[in-house]
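A.B. asks: sequence first, predicted coordinates after that:
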Amino acid sequence: GAVAGTQNGAYILKCAAPDGNPDVLLIASGSEVPLIVSAYDILVAKGLKPRIVSMPSLNLFERQSQEYRDSILPPHIRARVGVEFAGDFGWGKYLGLDGEFIGMKSFGESAPLKMLMEKFNFTPERVADVAVKVVTKLHATNAQRNGR
C-alpha cells in the first residue's frame, strides 16, 4: 500500500490499466498529487488508461532495486507527465525524451498557492491536455517507425 510505497520513495496510487500497460504515467511528488488525480478522471473519460505515480522521495526511489523502479515506471511506457510546483530539477531522468514536465520554470515566486496555480495554469485540464499530446505524439512517431 501507500505506507510501504512511501518508504520506497514512489508507488502506484491508481491505474486504469489492469494489464499493467497504461497509456501514460502521471507523476507527482507531493501537493500536486490531487491535481493529477483530477486529470486521471478526465483522461479516463477520454478513453485513455493513465497510471498515477506518487513520488514523495526521488532519493528513496533511487535506492530501490531496478526491478521495483521498473514496476512503478515501466521503461516501455514512454508517455509520461511530471507535475511539480517547484522547478524541474531531477525530473528529466524519469520523464525521458518523450515526456513532458509541468512546473514553474522561474524560481522564487511567492504568493498563495491558489494564485500561483492559476498564474502558472496548474489545472487538471492542462495536465490532461499535455498527457493526450504526449500519447498522440508517441503514437504518431511509432506509426512512422513501423511504416504505417
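C.D. replies: In hand now; what should we look at? Small disclaimer: the values here were computed from a predicted structure and weren't measured.

A.B. asks: ok, the residue lying closest to residue 54 once chain neighbours are set aside - contacts?
C.D. replies: Closest residue to residue 54 apart from its sequence neighbours, by Cβ to Cβ, 6 or more residues apart in numbering: residue 13 at 4.7 Å. To be clear about C-beta, it is placed using only N, CA and C from the backbone, and glycine gets the same treatment. Taking Cβ atoms under 8 Å, 6 or more residues apart in numbering, we find residue 13 in contact with 2, 33, 37, 52, 53, 54.

A.B. asks: can you pull the phi/psi pair for residue 13?
C.D. replies: Backbone torsions of residue 13, given as degrees, to the nearest 10, read phi -90, psi -40.

A.B. asks: can you tell me how far it is from residue 87?
C.D. replies: To residue 87, residue 13 is 23 Å away according to Cβ to Cβ, to the nearest Å.

A.B. asks: any stretches of this structure with poor pLDDT?
C.D. replies: 1-4, 88-89, 105-120, 143, 145-148 (pLDDT under 70).

A.B. asks: pull the distance from the lengthiest helix in it to the chain's centre.
C.D. replies: Longest helix of the chain, by residue count under DSSP state H: helix 124-145. Relative to the centre of its chain, helix 124-145 is centred 13 Å away, using Cα atoms, centre = their mean, to the nearest Å.

A.B. asks: same for it, what does it pack against?
C.D. replies: strand 24-28, helix 33-45, strand 80-83, strand 100-102 (3 or more Cβ pairs under 8 Å, 6 or more residues apart in numbering; DSSP states H and E).
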